[in-house]
Every structure is written in structure tokens, then in C-alpha cells.
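sequence first, then the predicted structure, then my questions.
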Amino acid sequence: MTLTRVQVQHIAELAKLKLSDDEVDRMTQQLSAILDHAARLQELDTDDIPPTASVVPLQNVMRDDQVVSSLPREQVLANAPDRSEDGAFFRVKAILKE
């Protein structure tokens with residue numbers, strides 16, 4: 001399929017591209033070649049090929065969840081920049097305004 005200069009200029013306008021005359025000529029040839037290649041691919045007989053979402057088999061690489069005990073509170077709060085009065089919680093600045 002051969003594109004015309006007018007079609008390429010319209011595509012460039014839709015893409016918000018400013019092309020020089022040389023670039024329009026070059027894009028006309030290149031885009032036409034891409035469309036010709038796509039047309040050749042359309043000619044392939046794919047009736048016996050099942051549709052696939054991926055050409056490589058996928059597998060989950062995540063490990064299984066394991067229940068483990070958590071760290072002691074003192075160890076968690078050891079590096080806290082600010083704690084509550086009783087030392088049991090993180091203290092953070094309020095991020096909501098009234």
C-alpha cells in the first residue's frame with residue numbers, strides 16, 4: 001500500500017509533528033514499506049495456530065506466603081525519630097489540615 005504525501009502530512013498533523021518536505025518524502029516511503037510488510041503478514045494462513053497471549057510460558061516467581069512471628073515492638077521502634085509519650089507508637093506530623 002502506497003501512501004500519498006497528503007496522507008503522510010495528515011498523519012503528521014494528527015501526531016502534532018512538523019515535518020519538512022524532505023521528511024515528508026522519507027516518511028512516505030518508510031510508512032508505505034511498513035504497511036506493505038503488514039499486508040504480507042495478513043496473507044499468512046494462521047487457521048491452525050491457536051491464539052496466544054504470550055509466546056513464552058509464564059510462571060509465578062513469587063514465593064509462597066509463610067506465617068512468621070513479627071519483630072518485637074522495641075526493636076521496631078528503636079530507630080523511630082519520634083515516639084508517643086508511652087513509647088509504644090511512631091509519632092508523625094499531621095498531614096491533614098482542618
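Structure received. Not measured: the values here are computed from a predicted model.

what's residue 83 sitting at in phi/psi?
With angles defined as degrees, to the nearest 10, residue 83 sits at phi -120, psi 160.

so what's it up against?
Residue 83 makes contacts with 77, 89, 90, 91, as judged by Cβ atoms under 8 Å, 6 or more residues apart in numbering. No exception for glycine: its C-beta is placed from N, CA and C like everyone else's.

now, which of these sits nearest residue 8?
residue 90 (60.0 Å; Cβ to Cβ).

number of residues surrounding the closest one?
11 (other Cβ atoms under 10 Å).

that one and residue 72, how far apart?
Applying Cβ to Cβ, to the nearest Å, the value for residue 90 to residue 72 is 15 Å.

for the longest helix along the chain, packing partners?
Counting by DSSP state H, the longest helix found in the chain is helix 21-42. When contacts are defined as 3 or more Cβ pairs under 8 Å, 6 or more residues apart in numbering; DSSP states H and E, helix 21-42 sits against helix 5-14.

packing partners of the lowest-mean-pLDDT helix or strand in the chain?
In the chain, no helix or strand scores lower on mean pLDDT, DSSP states H and E than helix 73-77, which sits at a mean of 86. Counting contacts by 3+ Cβ pairs under 8 Å, 6+ apart, helix 73-77 packs against no other helix or strand.

list the contacts of it.
70, 83, 87, 88, 89, 90.

give the closest residue to the fourth one in space, chain neighbours not counted.
Residue nearest to residue 88 in three dimensions, not counting chain neighbours: residue 73, with 6.8 Å by Cβ to Cβ, 6 or more residues apart in numbering.

any idea how far residue 66 is from the one you found?
Taking Cβ to Cβ, one finds residue 73 at 21 Å from residue 66.

so those two - more neighbours on which side?
More neighbours surround residue 73 than the other of residue 73 and residue 66, with 11 against 5 (other Cβ under 10 Å).

from the chain's centroid, how far away is the least confident helix or strand of the chain?
Mean-position distance between helix 73-77 and its chain equals 38 Å (Cα atoms, centre = their mean, to the nearest Å).

alright, I will stop here.
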